[in-house]
Every structure is written in structure tokens, then in C-alpha cells.
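*Asks:* what follows is a predicted protein model with its sequence.
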Amino acid sequence: MTDSSASVEARLKSALLSDEILPPVDPPGGHYLPFSVAGSLCYLSGYISRSAPNEFIRGKVTDGSVGAAAARTCALGHLALLKERCGGLSNVKSFHKVTVYVNGDSGFPDSPEVGNGYTDLIVEVFGEAVGQHARSAVTVAGLPFDASVEVEAIVELTDPSIAKRM
């Protein structure tokens, strides 16, 4: 393990709450890939909020802090995918773009606060230089499985050749 990978792993361990772990990387639930690499960019498919493997955090988000906790679980899912299939967390060169979808009623004003649940963990693990990203956070009428939050991301990899699809 290089100093860089040890540093990222140490920051991840420090960032995890006492009851948190990285979830297992599940196969896709349909006819899509969990990620796709084009050049050095890795497009991470939408990850929906989960309280445990195969247990989704469901329903409309009515409170920004509750939604942020759900978005944090999406970050955990993406971190697990990057660690297991994309060459490890030290292979992440930069987070470029994150899109946060919040299952909420029309006019729900706290989508940016919900998005912070994802962003804050990513920045805590990778630091600002790698983890800060452009972001959209939007309220939508519904998500798959009535999930509360779904997040997709575009990440640049240092060595995209070591990413493995399955």
C-alpha cells in the first residue's frame, strides 16, 4: 500500500461513523453497468439510498438533514465501488461532477442540503483537491423502489486500465 492509498484509507476509516461500513458491491439490478470508463473518466451509475444491503431508505424527503443522511449512504456505495472495482480509492484522481436526485414534493427547498450529505463525506475522505466537485441537486417526483435519494457521479481515475467491470 502506497503512502497515498494508506492516507485515503486512513481518512475513510476516520470518516466512518461507528455504525457505518462500506456496503458490498452488488451486481446491477437491470441491464446496465455499475460504471463505465471513457478515457480516464469513470461514470458511476446512480446509487440509491440504503440502510443495509437490499434495504432501501424509502419515501419522500421532507427534512434536509434526514435526506443528507440518506445521500451519505449513496457516497458509501460509490466509495465501495471505487475501492473494489475501479482500482482502489488511491486510483481516484478527481471527482468532477455529482448529480443528486431527491425524492420530494414539488417545491422542496432543501435539495442542496441533501446533496451535502454526499459531498461532505467525499471531501472528508479525499480532501478538497480531489474530492471537491461540480454538483446539481434536484427534487424529483419519484425514484426507483421509492428510494429517498439517488446519486450519480463522474470521477477521473489515475489509471483507468485497472478498473474491472465485473
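*Replies:* Received, thanks. Numbers count the residues shown, from 1 in each chain.

*Asks:* tell me the contacts of Glu124?
*Replies:* 11, 15, 131 (CB atoms under 8 Å, 6 or more residues apart in numbering). From N, CA and C alone the C-beta is placed, and that goes for glycine too.

*Asks:* which non-adjacent residue is nearest the last one?
*Replies:* Excluding its sequence neighbours, the residue lying closest to Gly131 (CB to CB, 6 or more residues apart in numbering) is Val123, at 4.0 Å.

*Asks:* looks like the one you found contacts Gly117 (just checking).
*Replies:* No: using CB atoms under 8 Å, Val123 is not in contact with Gly117; the gap is 11.6 Å.

*Asks:* more neighbours: which of the two?
*Replies:* Gly117 (24 against 19; other CB atoms under 10 Å).

*Asks:* quick one: the more buried one and Ser7, what's the gap?
*Replies:* 23 Å (CB to CB, to the nearest Å).

*Asks:* okay, strands next: where are they in this structure?
*Replies:* Using DSSP state E, the strands found in the chain span residues 35-38, 41-48, 50-52, 55-56, 92-103, 134-140, 149-157.

*Asks:* need these in CSV with mean pLDDT, mean neighbour count and distance to Gly64, can you?
*Replies:* Formatted as CSV, these follow (pLDDT from 0 to 100; neighbours: other CB atoms under 10 Å; distance: least, CB to CB, whole Å):
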stretch, mean pLDDT, mean neighbour count, distance to Gly64
strand 35-38, 97, 15, 28
strand 41-48, 98, 21, 18
strand 50-52, 93, 15, 18
strand 55-56, 96, 14, 19
strand 92-103, 98, 22, 9
strand 134-140, 98, 16, 10
strand 149-157, 98, 24, 11
